[in-house]
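A.B. asks: Test case, fold it:
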Amino acid sequence: MRAAVYYETGSPDVLKYEEVADPECFPGAVVIQVEAISIEGGDTLNRLGGEMPAVPHIVGYQCAGTIIEVGEGVTDRHVGQRVVANSFYGSHAERFVALSLLTWPIPESADIVACACVPVAFGTASDCLFEFGKLQAGESVLIQAGAGGVGTAAIQLAKRAGATVLATASSPERLERLRELGMDHGIDYTHDGWVDEVKVKSGGWGVNVVVDSVGGKILDGSIACLAPRGRAISVGSAGRDPQLLDISNLAPGNRSLTGVFFGAEIGTDRAQKLVGDLVADVAAGRLKVVVDRTFPLSDAAAAHAYIESRQAVGRVVLIP
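C.D. replies: As a prediction, the model looks like this:
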């Protein structure tokens with residue numbers, strides 16, 4: 001099969017398009033003929049400096065396609081079934097092997113490109129808002145990096161739950177594209193004074209929940225945006241601005257800070273059902289996956305570079 005591989009971590013140009021061995025099926029697993037690859041934030045970070053279990057390494061942990069082989073003991077999946085799948089690495093390829101436990105059926109009428117983008121982004125957004133953020137109807141929420149995959153999912157889920165939705169992005173143009181998803185107020189966080197703007201637009205008290213996937217000094221600002229008893233959720237942390245966090249602003253308003261990693265629970269019954277429901281919502285049009293651009297798998301380096309240019313709104317997808 002053909003795959004996007006690299007022999008050392010680094011900038012997007014370390015990615016090469018080469019012939020490699022097909023993945024082997026194993027008990028409890030399925031092999032998928034890949035039709036769409038959602039490039040996740042962790043993929044670019046891993047390519048930049050993550051672990052390499054093998055050389056050459058195939059990065060990527062989420063894709064969708066059709067099952068072409070089932071391993072011993074697999075009874076809940078079958079050859080010819082369309083699924084979206086998740087694993088530790090290997091998605092940037094024509095074939096992908098994953099535990100059947102970490103696959104979710106895609107309805108025949110559904111857009112496979114859209115469904116390829118659902119599990120991690122929408123599952124993460126849901127957990128940040130509801131499982132850990134405890135967001136309730138009538139509350140307000142700030143979605144940092146609203147134009148990202150988690151951000152576009154979180155805006156829709158929060159609005160559907162009856163919350164007032166504020167979101168940040170790095171330009172007015174990117175913010176404008178978020179209004180159709182349910183954003184009530186947009187803030188350009190590249191400008192000084194964005195924290196004060198959030199407070200003004202949330203009625204002066206701040207927001208009840210913040211979902212922050214940026215980290216660094218932005219996370220400091222997120223905590224400052226919280227109303228009394230507000231909940232800040234740190235997820236993913238883009239890693240562009242690593243620094244120590246001053247938590248002294250938490251106690252005076254009885255605020256809290258929680259770190260979330262959806263991957264730690266993705267195999268649980270709760271998360272399995274959650275992702276299945278989210279895939280069904282996307283398939284039925286109740287939720288929208290925003291795909292900014294697709295690239296051929298052979299242009300994986302260009303796709304990664306485009307993501308890191310911070311121009312995209314939503315997901316960037318590779319097509320083998």
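A.B. asks: immediately after the helix or strand harbouring I233, which helix or strand?
C.D. replies: For I233, the element it lies in under DSSP states H and E is strand 226-235. Downstream of strand 226-235, the first helix or strand assigned by DSSP H and E is strand 256-260.
A.B. asks: Okay, now the sheet partners of the strand holding I233, with direction.
C.D. replies: Note on strand 226-235: by DSSP bridges, its sheet partners are strand 207-212 (parallel), strand 256-260 (parallel).
A.B. asks: the domain parsing of the protein - what is it?
C.D. replies: Domain assignment of the chain by automatic domain parsing yields the ranges 2-117+289-319, 121-263.
A.B. asks: mean pLDDT lowest for which of the ones you listed?
C.D. replies: Confidence, taken as mean pLDDT, is least for domain 121-263 of the domains of the chain (a mean of 94).
A.B. asks: And the strands in the stretch 51-200 of the chain, which stretches?
C.D. replies: All strands of the stretch 51-200 of the chain, identified by DSSP state E, counting those that start in this stretch, fall at 62-70, 82-86, 95-99, 103-105, 140-143, 164-169, 185-188.
A.B. asks: next one: the fourth one to chain centre, how far?
C.D. replies: Its chain's C-alpha centre lies 17 Å from the corresponding centre of strand 103-105 when counted by Cα atoms, centre = their mean, to the nearest Å.
A.B. asks: I'd say A302 and P296 touch.
C.D. replies: No: using Cβ atoms under 8 Å as the test, A302 is too far from P296 to be in contact (9.1 Å). Yep, even glycine has a C-beta here, placed from its N, CA and C like the rest.
A.B. asks: Looking at these two, which one has more neighbours?
C.D. replies: Using other Cβ atoms under 10 Å as the criterion, A302 and P296 rank with A302 on top: 16 against 12.
A.B. asks: hang on, the more buried one in a strand?
C.D. replies: No: under DSSP: H, G, I helix; E, B strand; the rest coil, A302 falls outside any strand and is assigned helix.
A.B. asks: Which residue is the nearest non-sequential neighbour of it?
C.D. replies: In space, and not counting its chain neighbours, A302 is closest to F295: 6.0 Å by Cβ to Cβ, 6 or more residues apart in numbering.
A.B. asks: Counting neighbours, which bits of the one helix or strand that neighbour maps to end up buried?
C.D. replies: If you go by DSSP H and E, F295 is part of strand 291-296. Across strand 291-296, burial judged by 16 or more other Cβ atoms under 10 Å covers V291, D292, F295.
A.B. asks: got it, and stretch 65-81?
C.D. replies: Buried positions in stretch 65-81, judged by neighbour count with 16+ other Cβ under 10 Å: G65, I67, E69, V70, G71, V74, R77, Q81.
A.B. asks: now the residue nearest to A302: how far from L226?
C.D. replies: According to Cβ to Cβ, to the nearest Å, F295 stands 38 Å off from L226.
A.B. asks: what residues are up against the residue nearest to G253 when sequence neighbours are not counted?
C.D. replies: Leaving aside its chain neighbours, G253 sits nearest to P228 (4.3 Å; criterion: Cβ to Cβ, 6+ apart). Contacts for P228 (Cβ atoms under 8 Å, 6 or more residues apart in numbering) come out as W205, G206, G253, N254, R255.
A.B. asks: Give me the outermost residue of the chain relative to its centroid.
C.D. replies: Farthest-out residue of the chain from its mean C-alpha position, per Cα atoms, centre = their mean: P252, at 32.2 Å.
A.B. asks: I'd like to know how far it sits from R229.
C.D. replies: As defined by Cβ to Cβ, P252 lies at a distance of 11 Å from R229.
A.B. asks: How many residues are close by Y89?
C.D. replies: Count around Y89 with other Cβ under 10 Å applied: 20.
A.B. asks: Wait, P107 touches A280, no?
C.D. replies: Yes: shown here, P107 and A280 form a contact pair, counting by Cβ under 8 Å, at 7.4 Å.
A.B. asks: and these two? which has more neighbours close in?
C.D. replies: Set P107 next to A280 and count neighbours by other Cβ under 10 Å: A280 wins out with 18 against 13.
A.B. asks: what's that one sitting at in phi/psi?
C.D. replies: phi -60, psi -40 (degrees, to the nearest 10).
A.B. asks: And it, how far from V313?
C.D. replies: Separation of A280 from V313 (Cβ to Cβ) stands at 24 Å.
A.B. asks: and what of G138?
C.D. replies: Distance, G138 to V313, using Cβ to Cβ: 28 Å.
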